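Visitor: only the shape, not the letters, is given here:
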Ligand SMILES: [Zn+2]
């Protein structure tokens, strides 16, 4: 943990330059001169930039926040947090940090705090807390210690940790000094092992990627009743914005143990396509992973724009017909919608031969085939579906061939369309 309780040098420097209307280099010179003159027999004090800037600021009537030393008490585990608790001290990693205006249009930072026992939605709001948050400079994945927070129940997100008020403190910790497993290890699981209402990290192959587009506010993602490119004032957050194309993505991700739907909210900018291998961090609930962050492990850096544009055009037409459909969604609505979409996803796309019910293994085989463009070496399939026995797969393939679901010879499997 950093020994200094004063703000970062760069923060004080830029803040002082702004307030005193001076260049940063001038501010630093003046600060050092001030210290030399005030403490002529202690030259080492003028050499400490942080100290010099802090004291120089005070002499100009500007008081930067000094962090209060940490109390010795053990912080709570996230699983121990209960609605109604006040003055809470809790330690965890901050993930999915984003600025989201509230419904009243005031500034707010949201993120998810995770430790090895659970997760909690967290919001920073109010002038004091936001200023403190900026001074601390928390970045994605940083371990932090929060003191003086409140646990509340909010309609939009359920149990929520609120960072607000004058006495709340956030301290950024060093990764190797916290008594927690590394963030990469927390919630790491195979798809078959996912447990409801937990923070999870999975890695898998994208076998399906559906995009749903709407015209929305780039600040708060609410739907806007206008065309892309129009300048409007967003009714929800009050910002003057240029309406942009916003997208929800629904992915189906497979690892060798199973498949799961992954919901990617607008703003995550995942740029993910079928065939990519991705690492997803998110909350698993009602059989969907709601992504907090997505990282591509394998796949082209950037996709060609062309198919995406066509897709958006298609979606635009759809939107004309179902104008009422894309509203700002509550989590419950999102879950419902995703469930519907998952149904669509699993029933669509295999053609008309699929009137009969498919077994799980048949479904897996078709999904893998689709991913590889409808043609696959038998040995490749066995290599992918290692959780099934080879003779079991052979038998299934034979019966699928008889049902007309696939074609097959000694070494290859293919679908009608390829
Ligand atoms: Zn807005």
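Guide: Yep, that arrived. The shown structure was predicted, so the numbers you read here are calculated from the model rather than taken from an experiment. Numbers count the residues shown, from 1 in each chain.
Visitor: quick one: the most centrally placed residue in the chain from residue 40, how far?
Guide: Most central residue of the chain, judged by C-alpha distance to the mean C-alpha position with CA atoms, centre = their mean, is residue 292 at 2.1 Å. Counting by CB to CB, to the nearest Å, the gap from residue 292 to residue 40 is 54 Å. Yep, even glycine has a C-beta here, placed from its N, CA and C like the rest.
Visitor: before we move on, back to that, without its sequence neighbours, what residue ends up closest to the residue nearest to the centre of the chain?
Guide: Of all residues not flanking residue 292 in the chain, residue 96 sits nearest, at 3.7 Å (CB to CB, 6 or more residues apart in numbering).
Visitor: give the next helix or strand downstream of the host helix or strand of the one you found.
Guide: Per DSSP states H and E: residue 96 is located in strand 88-99. Following strand 88-99 in sequence order, the next helix or strand is strand 108-115 (DSSP H and E).
Visitor: what helices or strands is that following strand leaning on?
Guide: Applying 3 or more CB pairs under 8 Å, 6 or more residues apart in numbering; DSSP states H and E, we find strand 108-115 packed against strand 88-99, strand 118-125.
Visitor: show me what it is in contact with.
Guide: With CB atoms under 8 Å, 6 or more residues apart in numbering as the test, strand 108-115 has contacts from 77-78, 90-102, 119-125, 130, 133, 144, 146, 161, 180, 183, 186-187, 199, 283, 292.
Visitor: go on, stretch 214-221?
Guide: So stretch 214-221 is contacted by 100-101, 222-224, 226-228, 234, 236-237, 239, 241-247, 265-267, 319, 326, 328 (CB under 8 Å, 6+ apart).
Visitor: ok so, going back, buried sites along the strand holding residue 96?
Guide: 88, 89, 90, 91, 92, 93, 94, 95, 96, 97 (16 or more other CB atoms under 10 Å).
Visitor: give me the distance from the helix or strand hosting residue 10 to the chain's centre.
Guide: For residue 10, the host element (DSSP H and E) is helix 9-20. Put simply, helix 9-20 sits 31 Å off its chain's centre (CA atoms, centre = their mean, to the nearest Å).
Visitor: packing partners for it?
Guide: helix 24-38, helix 49-59.
Visitor: about what we covered before: list buried residues within the contacts of stretch 214-221.
Guide: 101, 222-224, 234, 236-237, 241, 243-244, 246-247, 265-266, 319, 326.
Visitor: out of the residues you listed, which sit inside strands?
Guide: 241, 244, 246, 247 (DSSP state E).
Visitor: Throw those residues into CSV and include pLDDT, thanks.
Guide: Below are these laid out as CSV (pLDDT from 0 to 100):
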residue, pLDDT
241, 90
244, 92
246, 89
247, 88
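Visitor: my guess is residue 105 contacts residue 240. True?
Guide: No. Using CB atoms under 8 Å, residue 105 is not in contact with residue 240; the gap is 11.1 Å.
Visitor: quick one: which of these two has more around it?
Guide: residue 105 (16 against 9; other CB atoms under 10 Å).
Visitor: residues contacting the more buried one?
Guide: Counted by CB under 8 Å, 6+ apart, residue 105 has contacts 236, 237, 238, 239.
Visitor: repeat the analysis, applying 6 Å as the threshold.
Guide: 237, 238 (CB atoms under 6 Å, 6 or more residues apart in numbering).
Visitor: what do you get for residue 377?
Guide: residue 412 are the contacts of residue 377 under CB under 6 Å, 6+ apart.
Visitor: pLDDT at it, what is it?
Guide: Note for residue 377: predicted pLDDT of 80.
Visitor: name the SS class of residue 138, please.
Guide: Put simply, residue 138 is coil when judged by DSSP: H, G, I helix; E, B strand; the rest coil.
Visitor: quick one, phi psi at it?
Guide: phi -70, psi 130 (degrees, to the nearest 10).
Visitor: how many other residues sit next to it?
Guide: There are 18 residues near residue 138, going by other CB under 10 Å.
Visitor: and the one 3 residues further on, by the same measure?
Guide: Taking other CB under 10 Å as the criterion, the count of residues near residue 141 is 17.
Visitor: what sits closest to it if chain neighbours are left out?
Guide: Nearest non-adjacent residue to residue 141 (CB to CB, 6+ apart): residue 183, at 5.5 Å.
Visitor: correct me, but the one you found touches residue 93?
Guide: Yes. With contact defined as CB atoms under 6 Å, residue 183 reaches residue 93; the gap is 4.7 Å.
Visitor: overlap in contacts, these two.
Guide: With CB under 6 Å, 6+ apart, residue 183 and residue 93 have common neighbours residue 141.
Visitor: hang on, the earlier thing: of all the helices and strands packed on strand 108-115, which one comes closest to the ion?
Guide: Nearest to the ion, of all those, is strand 88-99, at 11.7 Å by CB to the ion.
Visitor: that closest one - what's its average pLDDT?
Guide: 94.
Visitor: check which helices and strands it is in contact with.
Guide: Other helices and strands packing on strand 88-99, by 3 or more CB pairs under 6 Å, 6 or more residues apart in numbering; DSSP states H and E, are strand 108-115, strand 143-154.
Visitor: what ranges do the helices span in this structure?
Guide: 9-20, 24-38, 43-47, 49-59, 127-136, 305-321, 331-347, 360-371, 378-384, 390-402 (DSSP state H).
Visitor: what's the closest of those helices to residue 152?
Guide: helix 127-136 (13.9 Å; CB to CB).
Visitor: tally up the residues packed near the closest residue to residue 16 other than its chain neighbours, please.
Guide: In space, and not counting its chain neighbours, residue 16 is closest to residue 27: 4.7 Å by CB to CB, 6+ apart. By the measure other CB under 10 Å, the count of residues near residue 27 is 24.
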